[in-house]
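*Asks:* build me a structure from this.
(chains A, B, C and D)
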Number of protein chains: 2
Amino acid sequence: MKSYLKKTIQMIPCSACPNRERDMFQVLSPEQLEQVEHYRGGQCAIAAKTHLYQQGEKHNNVYTLFSGWVMLYKTLSNGGRQVLRYALPGDILNFQSDPEAPMTHSAVTLTNTTLCSFARPNFYTILEENPNVTLQLAQIMAEDVALSHEYLINIGRKNARERMAFLFLELYHRLKAQAPDIGNTMPFPMTQEDIADTLGLTLVHVNRTLRSLRQEELIQLSHHKLTIVKYEELAVIAGFNLNELRRQALL
Amino acid sequence: MKSYLKKTIQMIPCSACPNRERDMFQVLSPEQLEQVEHYRGGQCAIAAKTHLYQQGEKHNNVYTLFSGWVMLYKTLSNGGRQVLRYALPGDILNFQSDPEAPMTHSAVTLTNTTLCSFARPNFYTILEENPNVTLQLAQIMAEDVALSHEYLINIGRKNARERMAFLFLELYHRLKAQAPDIGNTMPFPMTQEDIADTLGLTLVHVNRTLRSLRQEELIQLSHHKLTIVKYEELAVIAGFNLNELRRQALL
DNA sequence: CGAGCATTTGAAAGCTGTCAATTCCGGTGG
DNA sequence: CCACCGGAATTGACAGCTTTCAAATGCTCG
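*Replies:* Purely as a prediction, here's the structure:
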C-alpha cells in the first residue's frame, strides 16, 4: 500500500464554494454567512495524495470541500482497504456522532484540492447559533446514509461488470449536477486499485472487466479521463431504474 | 419472495421507549417532552412480518421504534434484495433528506413491534422548535453513516465466514447495549435467507457457513435463538479490532 | 533517463453460486 | 390429538465468477 504522505499542506486564500447543491450553508442569509466566516479556521489548498486525517487518530477539524476529489476509506487489520465514498465539491468531511472519538476512516486527496476548515468547537457553535444549518446538516447526513445504501446493494448484489457500470454512472451524475456542460467526459483520478477497493474486487479483476467494457465500446478510460460512450446500455447494466434516476436527479 | 402482507396494523397504547441510548429526545427536559407528545401521531403495535412502508411509495410518517425488530431493505429490478440494517428499539425510521421523495427502501417487522409515529410535518415542527433535537438527529444520522460503512467493509472485503461472525457480534453488541444482562444468548428472528441478503451471499452458502461455525462450536443457532459460544475467537474472525470495539462501546 | 508505480495478461485454484432434491418444523384443520 | 401443508433448513454435485500468483509492459515524475 502506498504511503500517501509525501506532500505537505499549504494555506492559500480560496474562492467561494462552487457547489451550492450540497452546501450546508445555502440556507443562510448573507449576514449570517458573514458571521459564519468569522468561525472559519482557514481555507487551504492541499496537494494530491495527501492525507487529511487517518483512521484511529483524533482529529479536530471539520471540512467543506471546495474543489478537487477526496477519497474516504477504511482499512482492515489484515491490510484490506474499502473505499467508502468519493467526496466532491460541496461535501462535508469529518462530521461524526461523537466529537471526542477517534476517526473511523481515513481521508486522502486524489487531486489538488481546496477546502475550508472549521475547528470542531467552532463548528458546533455555528450549529447552535443557526438551527436551520443544523437541519440542513441532518438532511445531508441522511443523503449520505442513502448513498451508502446504494453502495451496499451495489457490492452485495451485483457482479463486477454491474458494479463498475454503476460506479461510473453515479460519479458521472454527481459531477454533472455541478457542471451540466461537461458533455460525456469526466476527470477520473482514481487508479484501478482504488476502483477495486471501492467495488469489493481485486485489481486484476477490475482490469479485466474494464477491458471488456472498453472492447464493447461502452466507455473509454485512459490517462485518468473517463468517457461515457453508451449511457443507455450502461444504465441497463448498472441497474439504474427509474426510482434511482429520480433520486439522482434530486441530489 | 414472501408477500409479508398478511397481518394488519392495530393501534394500542404503549409504554415509554426502553432504549435511551439512541433516543433523539433524550436531550429534552420533561416539559419539552410533554410538548413533543402533543405532536405524536400515535403509538401502535404491529404484528410480525408486516410492512411499515415500501420502496417507491411516498410515505408521510417518521417512526421511533419502541420494541421489536424491523428489517430495512432495498430491492433490485432483477429481484435481488439487500438488507440495509436491522432496526432495534430506539432507532428512528424513515427520516430522509427530501420529505417529498418516494421511499428509497422498504421496512418490514420481523417480530411483533411497538412504535411511535409522527406525521412528517409535525416531525419537522418538533425539529424547528427544538434545535437540540435537530443536532441529536444529525448525530444519529452520522452514526448510521458510520454503521453503513462498517457493513460496506464487511461485505466488500471479507469472506462468508468473516461476514457472518461480524453480523452476529454486531447485533449482539447492539442488543447488549440495551440489556446488559442478556448473557450470551439473544433472539434472532431472521431466516437464513435474510442473513444471505444481509451479507451479499446466497441462502445455500449461508447454510453451509453456519454449519461450519456450529461444528466448531463458535456459536449455537436454532429456533431463532443465537448463542455466542466463543466470543474471542469470533471477534478475531470478524476482524473486530480495538478501534471497532471502542466504537461499539460508544454506541 | 531511470526508478517505481500503474496497467496488462496468462494460468490455475478456490470461494461462492446455481440447480435440484430431501428433510425438518411450525401452524392449520379435521 | 394427529395428519397435512408450506415455508425454512439441509445437502450434494457441478459450474462459474473472482482471486491468487507471477511476469511483462507501459507511464510518469524527479
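
*Asks:* look at residue A:100 and say how many residues are nearby.
*Replies:* By the other Cβ atoms under 10 Å in any protein chain shown criterion, the neighbourhood of residue A:100 contains 9 residues. C-betas here are computed from N, CA, C, even on glycine.

*Asks:* in space, what's closest to it - neighbours in sequence excluded?
*Replies:* Nearest residue to residue A:100, sequence neighbours excluded (Cβ to Cβ, 6 or more residues apart in numbering or on different chains): residue A:58, at 7.5 Å.

*Asks:* ditto for residue A:94
*Replies:* In space, and not counting its chain neighbours, residue A:94 is closest to residue A:62: 5.1 Å by Cβ to Cβ, 6+ apart.

*Asks:* tell me if I'm right that residue A:97 and residue B:143 touch.
*Replies:* Yes. If you go by Cβ atoms under 8 Å, residue A:97 and residue B:143 touch, sitting 4.3 Å apart.

*Asks:* the strands in the stretch 1-150 of chain A, which residues?
*Replies:* A:9-11, A:42-46, A:51-53, A:61-67, A:70-75, A:81-87, A:92-93, A:106-109, A:113-119 (DSSP state E, counting those that start in this stretch).

*Asks:* generate CSV for those, with mean neighbour count as supplementary columns.
*Replies:* What follows is the strands of the stretch 1-150 of chain A, written out as CSV (neighbours: other Cβ atoms under 10 Å in any protein chain shown):
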stretch, mean neighbour count
strand A:9-11, 11
strand A:42-46, 18
strand A:51-53, 20
strand A:61-67, 22
strand A:70-75, 22
strand A:81-87, 23
strand A:92-93, 20
strand A:106-109, 22
strand A:113-119, 21
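
*Asks:* Throw those into JSON lines and include mean pLDDT, thanks.
*Replies:* Shown next, in JSON lines, are the strands of the stretch 1-150 of chain A (pLDDT from 0 to 100):
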{"stretch": "strand A:9-11", "mean pLDDT": "48"}
{"stretch": "strand A:42-46", "mean pLDDT": "88"}
{"stretch": "strand A:51-53", "mean pLDDT": "96"}
{"stretch": "strand A:61-67", "mean pLDDT": "94"}
{"stretch": "strand A:70-75", "mean pLDDT": "97"}
{"stretch": "strand A:81-87", "mean pLDDT": "98"}
{"stretch": "strand A:92-93", "mean pLDDT": "96"}
{"stretch": "strand A:106-109", "mean pLDDT": "97"}
{"stretch": "strand A:113-119", "mean pLDDT": "94"}
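
*Asks:* so which elements touch the longest helix along chain A?
*Replies:* Counting residues, the longest helix in chain A under DSSP state H turns out to be helix A:131-157. With contacts taken as 3 or more Cβ pairs under 8 Å, 6 or more residues apart in numbering or on different chains; DSSP states H and E, helix A:131-157 sits against strand A:81-87, helix A:120-129, helix A:160-178, strand B:70-75, strand B:81-87, helix B:120-129, helix B:131-157.

*Asks:* and residue A:157, how many neighbours?
*Replies:* 21.

*Asks:* distance check, the nearest residue to it once chain neighbours are set aside against residue A:160.
*Replies:* Of all residues not flanking residue A:157 in the chain, residue B:80 sits nearest, at 4.0 Å (Cβ to Cβ, 6+ apart). Distance of residue B:80 to residue A:160, given as Cβ to Cβ, to the nearest Å: 15 Å.

*Asks:* picking up where we left off before, model confidence for the residue nearest to residue A:157, exactly?
*Replies:* As predicted, residue B:80 sits at a pLDDT of 93.

*Asks:* quick check: the gap between it and residue A:99.
*Replies:* Remark: distance between residue B:80 and residue A:99 (Cβ to Cβ) = 38 Å.

*Asks:* report the contact partners of residue A:110.
*Replies:* Going by Cβ atoms under 8 Å, 6 or more residues apart in numbering or on different chains, residue A:110 touches A:48, A:49, A:68, A:69, A:70, A:71, A:86, A:189, A:190, A:194.

*Asks:* those also near DNA strand C: which ones?
*Replies:* Filtering the contacts of residue A:110 for proximity to DNA strand C by Cβ under 7 Å from any atom of the strand leaves nothing.

*Asks:* how about these in TSV, adding distance to residue B:116?
*Replies:* Converted to TSV, these look like this (distance: Cβ to Cβ, whole Å):
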residue	distance to residue B:116
A:48	49
A:49	48
A:68	44
A:69	42
A:70	39
A:71	39
A:86	37
A:189	46
A:190	44
A:194	43
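
*Asks:* picking up where we left off before, so what's the residue nearest to residue A:94 bridging to?
*Replies:* Note on residue A:62: beta-bridge partners residue A:118, judged by DSSP bridges.

*Asks:* leaving out the residues flanking it, which one is nearest to residue A:175?
*Replies:* Closest residue to residue A:175 apart from its sequence neighbours, by Cβ to Cβ, 6+ apart: residue A:186 at 5.2 Å.
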